[in-house]
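Asker: Show me the folded form of this:
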Amino acid sequence: MSVKIAILSRNASLYSTHRLKEAGDSRGHDVDVIDTLHCYMDITRSRPTVRYHGEELPYYDAVIPRIGASITFYGTAVVRQFEMMGSFCVNESVAISRARDKLRSLQLLSRRDVGLPRTGFANRAENTHDLIRHVGGAPVVIKLLEGTQGLGVVLAETNKAAENIVEAFMGLKANILVQEYVAESGGSDLRCFVVGQKVVAAMKRTAAPGEFRSNLHRGGHGEICKLTKEERATAVKAARVMGLNVCGVDLLQSANGPLVMEVNSSPGLEGIEKSTGKDVAGLIYKFIEDNAKPHKTRTRGKG
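Answerer: Below is the predicted model:
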């Protein structure tokens, strides 16, 4: 079954975008890479369209959103427009927005009894001392809500250091979370790649020497790992709560079981594919093939 697919990405040369394009072409699909910020929308009664470089885009059977954190608002508006046109979006706009808001995600996961590190959030500096005490005291991890790839994440070794860091961030009007430091994780975490309510690949990421953040962009390294039944179930449940069909779920291994750190709606493919040797891009297309329905007459636009 040949499907006409749009990949929304700012950069066609990025590993993840290139792999998705390559995998789609190899499976016989008609795949276009479209720069999200160059899309503009004609919001018209009964016939919404997306325009691109002066022309109306054709109807796409499926859309793969690769929406970066810096363009969440506009990117999800573009995805929503494709939804209005009837395209099958691998991740829907509301799910992307939900997952991108770290505080909202944790609140939703907490309500559904998904394991989480103890987390605090406050607006006023005078609440800092009690906030730190409530999550278990130092060491604690302090995170900017808007941070990505390990940026804006600080480990405070003492209560005083934590208070100073929190107050400094608040002085800059930054929104932050304070979380317990899970020492037994040993500077490692698990990246679980979920496609269609199934963990299709998993790797263990370990921080570089002298670093506590395990992100590969921070010098960490990944290796294939085997998940426990509980870890696999936690990752799938977190994806389901977020409403995401394709995502990366980051888990910490703790004495109290797996804890969800983050659910990423646009997980990178390079680390997981190279660490596990699995064709994750191909598995995403298998999901599309099983769920997208080709349009009977692709009459929209010039495609």
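Asker: And the pLDDT for the residue nearest in space to the middle of the chain?
Answerer: Nearest to the geometric centre of the chain sits residue 264, at 1.5 Å (Cα atoms, centre = their mean). With respect to pLDDT, residue 264 has a value of 95.
Asker: Domain boundaries for the chain, per the record?
Answerer: Domain assignment for the chain by automatic domain parsing gives 4-97, 119-181, 184-284.
Asker: Between those, which has the poorest mean confidence score?
Answerer: The stretch with the lowest mean pLDDT among the domains of the chain is domain 119-181, at a mean of 85.
Asker: Residue 268 - that's part of a strand, no?
Answerer: No: with DSSP: H, G, I helix; E, B strand; the rest coil as the criterion, residue 268 is coil rather than part of a strand.
Asker: hang on, the earlier thing: out of the domains of the chain, which gets nearest to residue 292?
Answerer: Each of those has some distance to residue 292 by Cβ to Cβ; the shortest is domain 4-97, at 4.0 Å. The way it works is simple: take the backbone N, C-alpha and C, and place the C-beta from them, glycine included.
Asker: rewinding a little: including distance to residue 292, could the domains of the chain go into a markdown table?
Answerer: A markdown table is the format used below for the domains of the chain (distance: least, Cβ to Cβ, whole Å):
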| stretch | distance to residue 292 |
| --- | --- |
| domain 4-97 | 4 |
| domain 119-181 | 29 |
| domain 184-284 | 11 |
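Asker: what about those domains, which gets the closest to residue 103?
Answerer: Per Cβ to Cβ, nearest to residue 103 of the domains of the chain: domain 119-181, 5.9 Å.
Asker: Need the distance between the two termini of the closest one.
Answerer: By Cα to Cα, to the nearest Å, the extent of domain 119-181 from end to end equals 10 Å.
Asker: Distance of the residue lying closest to residue 89 once chain neighbours are set aside relative to residue 96?
Answerer: Nearest residue to residue 89 in three dimensions, chain neighbours excluded: residue 63, at 4.7 Å (Cβ to Cβ, 6 or more residues apart in numbering). In this view, residue 63 and residue 96 are 12 Å apart by Cβ to Cβ, to the nearest Å.
Asker: between these two, what contacts are shared?
Answerer: residue 79 (Cβ atoms under 8 Å, 6 or more residues apart in numbering).
Asker: got the buried residues for stretch 51-65?
Answerer: Judged by neighbour count (16 or more other Cβ atoms under 10 Å), stretch 51-65 contains these buried residues: 52, 57, 58, 59, 60, 61, 62, 63, 64, 65.
Asker: Spell out which helix or strand contains the third one, please.
Answerer: If I follow you right, that is residue 58. Taking DSSP states H and E as the definition, one finds residue 58 inside no helix or strand.
Asker: where's it relative to residue 43, distance?
Answerer: Relative to residue 43, residue 58 is positioned 18 Å away (Cβ to Cβ).
Asker: ditto for the fifth one
Answerer: In this view, residue 60 and residue 43 are 18 Å apart by Cβ to Cβ.
Asker: so which of the domains of the chain comes closest to residue 113?
Answerer: In terms of Cβ to Cβ, the element of those nearest to residue 113 is domain 184-284, at 8.8 Å.
Asker: that older thread, out of the domains of the chain, which comes closest to residue 294?
Answerer: domain 4-97 (4.9 Å).
Asker: closest one to residue 104 among the domains of the chain?
Answerer: The closest of those to residue 104 is domain 4-97. By Cβ to Cβ, the value is 8.6 Å.
Asker: May I have the distance across that closest one, first residue to last?
Answerer: End-to-end for domain 4-97, by Cα to Cα: 25 Å.
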